[in-house]
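>>> 3D, please:
(chains A and B)
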Amino acid sequence: MNNKEDYDSINRRDFIKLLAVAAISAPTLLATTRSEAVTLTRTDELIRRNERRSMTYRKLGRTNFMSSRLVFGCGAALAGGKAVRLLDRAFEAGINNYDVGSNIYYKGSERSLAPFLKAHRDEVWVIAKAPAPVKAKPEEAITLEQAKAAARFWTRLLDASLKDLQTDYVDAYYLMGVNNPALVRSEEMYNAFLEAKAAGKVGHFGLSTHKNAQKVLGAAIETGWYDLVMIAITPAGWYDWSTKDLVQGTPTLVELQGLLKQARDSGIGLIGMKTVRYLAPMRSLGRGDPSVFDKIYDEKFMASSLNPFQRAYAYVLQHGIDVVNADMQNFKHLEENIVAAATSHNYFD
Amino acid sequence: MMNRVMGWGLLALMLTAWCSRGQPDSLAQSGETVKPPQKLVQAWSEVEHGKKDIQPGKTQSLPEIVAGLTPEGWEIFDKVMQFTAENLYEQIDGRAEFFLAYDVISMIFASFINRADTGQFIDVSIYDMGTPTNAFGVYSLERSQGEPSLDLGRTGYCSDANYYIWKGQYYIKIIASDATVELQRIGMGLARKVSDLLLDSGETVWGMSALPQTDRVPESVQYFKVDAMGLDFMQNTYTAKYRKGGTVVTIFLSQRDSPESAQAAVAGYAKYARQYGKGVDRVTVKGVDLVSCDMGGSYDVLFQKGRQMGGVSSVGDRSLAIQVAIDLWTRLRQE
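Below is the predicted model of the structure:
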């Protein structure tokens, strides 16, 4: 199927502006407890883009967007325009979710994505992100001054992203690489998002995390502000950048189902990342051992024709993660990951 | 004055020698102070301000020297850190893979924060990429087009209050928290000091001279060590933009280990074009054997010449693509 329905009859930006202005002009909304935070973007109608038979799709929480289960990770892939040729193939395969990052981190990637976005803006979602740096350790509190500075930095990068992407609107913008729960709970950051939303620049709020991820996810659930959370997750549990290893004592992905369900039940769309990093060669920051997750899989799954990387993606997709973001820098990896995402449901009851 | 000049020269020479020799076995953990060999000259700041003459035998680590660049009224957040290829990810997360692909050796990182406003910071990163070619590679892929250029190192540019410089085997990034005039001033000062600190061997980058200069769009050359154009067999590949026939085209050029390897790369490209395009045909024009790939709406035309594999990509007009490919073949030296 190739369904290109529009999800509303009025201009998308104007609709979002109306909702956001209503929220900001009612200060009592922000004064309510976090668990009562209003989800401003909810509609009952699903948002569908570029759906094809060659891909499967999953609703991303309260966004109502039916995302391809494989998200194209544009950040590293499009640096310097390297893998732009993969974009058309990805689109043809039914990928409708493109994740990129600020020029401050992924130099040139947003600009490289811009022509593709121009050609397909109403057919795909684009998610961008930027860091909101605070000079504080993960468990430290942050000062009001630091929070305000971080919010200003992030807002500036959001505007720069729009300019580099040559668009006036992104479907979601994340706090990138967050490891400090205090920043996640920062009202300065949330207000910065709301102002951007009121200006019609962004639809949804999210964050990405790969350090202290369990606590960061917990903070995101608690606030009720985040529509999307991208986590570094593997079949064996949390992946830790600090050690290039699994988090010591990590629960397995199966054991994390309760937390992941809590996130999804609160309306958060869950995106997995770094899922196969651990398997990758040392040069790609992995352990160079593709068999390291094999002990987690049952015999039936091990007997499948998937390679270790495909197995890891398929496994997380069937164990609590809505979609996976994959960094694909050549055609070979793209084709493999399409298969994994499109067929993951075949291997589990 | 002469002592100060000698001090700078000797410091730069010794630091470059130290950076180029590879890392000692004892270097294992991020943030550990690594002492260069004995007989290195003393603190940069002391020599710079003429407070002391050279005192041979007094050593100082590179992180300490970078710490000495702290602007007035600012301080280092935590400490100056040094990372190897092994633990670079601790600082820059997934971005480390990009630098690893270009054989990064080490990175010095310092974050300066303003004592009067701790929300303000300037991060300085100095990547030792081992060779000017690798440093050019990372610089060229991260380069933003259309930004004001800097006359520092071999080349550089600034964007808001951020500075990016390629100097020999080094890639320098200076990132500020905001784009105020004051941060621009301080950042520029740091850019100049760091650039002056590092030596350039002068070693050339092959692709920059092998690619023709005529009609080349300035600052458009890029070097891909792996996965050029999303193709896993395209390694050590240069691309550049040229103005031809009223349009801008992209030329690519790769130097392989042997003519056989170059031939294999051409075959791999033809296979890719058959899978993702609409057809491939081989033509001989003016004695040059070409592979013409119809990519559906545009053409890629490529050839092998000795150890080199090159061509042009994404050209709307097939005749123009062939003409540009022949022109490139003609201008290339046989290697």
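>>> Run a quick neighbour tally on B:Ser144.
16 (other CB atoms under 10 Å in any protein chain shown). Just so you know, the C-beta spots here come from the backbone N, C-alpha and C atoms, and that holds for glycine as well.
>>> Residue of the stretch 1-150 of chain B closest to chain A, please.
B:Gly119 (2.5 Å; CB to the nearest CB).
>>> quick one: contacts for that residue?
If a contact means CB atoms under 8 Å, 6 or more residues apart in numbering or on different chains, then B:Gly119 has A:Glu145, A:Gln146, A:Lys148, A:Ala149, A:Ala150, A:Arg152, B:Ser177 as its contacts.
>>> And these, which is closest to B:Phe224?
Of all these, B:Phe224 sits closest to B:Ser177, with 31.6 Å by CB to CB.
>>> is it true that the closest one touches B:Thr118?
No. B:Ser177 is beyond contact range of B:Thr118, at 10.1 Å (criterion: CB atoms under 8 Å).
>>> Spell out which residues are contacts of both of those two.
With CB under 8 Å, 6+ apart as the test, B:Ser177 and B:Thr118 both reach A:Ala149.
>>> Can you pick out the residue with more neighbours from these two?
B:Ser177 (23 against 17).
>>> is it true that A:Ser109 touches A:Ala79?
Yes. With contact defined as CB under 8 Å, A:Ser109 counts as touching A:Ala79 (5.4 Å).
>>> between these two, which one's more packed in?
Per other CB under 10 Å, whichever of A:Ser109 and A:Ala79 has more neighbours is A:Ser109, with 30 against 21.
>>> got a pLDDT number for the closest residue in space to that one that isn't next to it in sequence?
Once flanking residues are discounted, A:Ser109 sits nearest to A:Leu78: 4.1 Å by CB to CB, 6 or more residues apart in numbering or on different chains. pLDDT, A:Leu78: 93.
>>> B:Met234 now?
B:Met234 carries a pLDDT score of 94 in this model.
>>> give me every residue that touches it.
B:Phe224, B:Asp227, B:Ala228, B:Phe252, B:Ser254, B:Ala265, B:Gly268, B:Tyr269.
>>> In a strand, it, correct?
No. Secondary structure of B:Met234 (DSSP: H, G, I helix; E, B strand; the rest coil): coil, not part of a strand.
>>> Show the average pLDDT along stretch B:185-205.
For stretch B:185-205, the per-residue pLDDT averages 95.
>>> check whether that stretch contacts chain A.
No. Counting by CB under 8 Å from any CB of the partner chain, no contacts exist between stretch B:185-205 and chain A, the nearest distance being 13.9 Å.
>>> Dump that stretch to CSV, keeping only the CA atoms.
Extracted in CSV, the C-alpha atoms of stretch B:185-205 (Å, rounded to 0.1, in the frame of the first residue of the first chain):
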residue,chain,number,x,y,z
ARG,B,185,36.9,37.4,20.2
ILE,B,186,38.0,34.9,22.8
GLY,B,187,37.4,32.0,20.5
MET,B,188,39.5,33.6,17.7
GLY,B,189,42.3,34.2,20.2
LEU,B,190,42.2,30.5,21.2
ALA,B,191,42.1,29.4,17.6
ARG,B,192,45.2,31.5,16.8
LYS,B,193,47.1,30.3,19.8
VAL,B,194,46.3,26.6,19.3
SER,B,195,47.1,26.8,15.6
ASP,B,196,50.5,28.4,16.4
LEU,B,197,51.2,25.7,18.9
LEU,B,198,51.1,22.9,16.4
LEU,B,199,53.6,22.2,13.6
ASP,B,200,52.8,21.2,10.1
SER,B,201,55.0,18.7,8.3
GLY,B,202,54.1,20.1,4.9
GLU,B,203,53.2,16.7,3.6
THR,B,204,50.9,17.0,0.6
VAL,B,205,47.5,15.4,0.2
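>>> chain center to that stretch: distance?
13 Å (CA atoms, centre = their mean, to the nearest Å).
>>> Correct me if wrong: A:His204 contacts A:Ser67.
No. Contact between A:His204 and A:Ser67 fails when scored by CB under 8 Å: they sit 11.6 Å apart.
>>> Any figure for the gap between B:Leu100 and A:Met55?
31 Å (CB to CB, to the nearest Å).
>>> Spell out the secondary structure type for the residue lying closest to B:Gly168 once chain neighbours are set aside.
By the measure of CB to CB, 6+ apart, the closest residue to B:Gly168 outside its immediate chain neighbours is B:Asp200, 3.3 Å from it. Assigned with three-state DSSP, B:Asp200 falls in the coil class.
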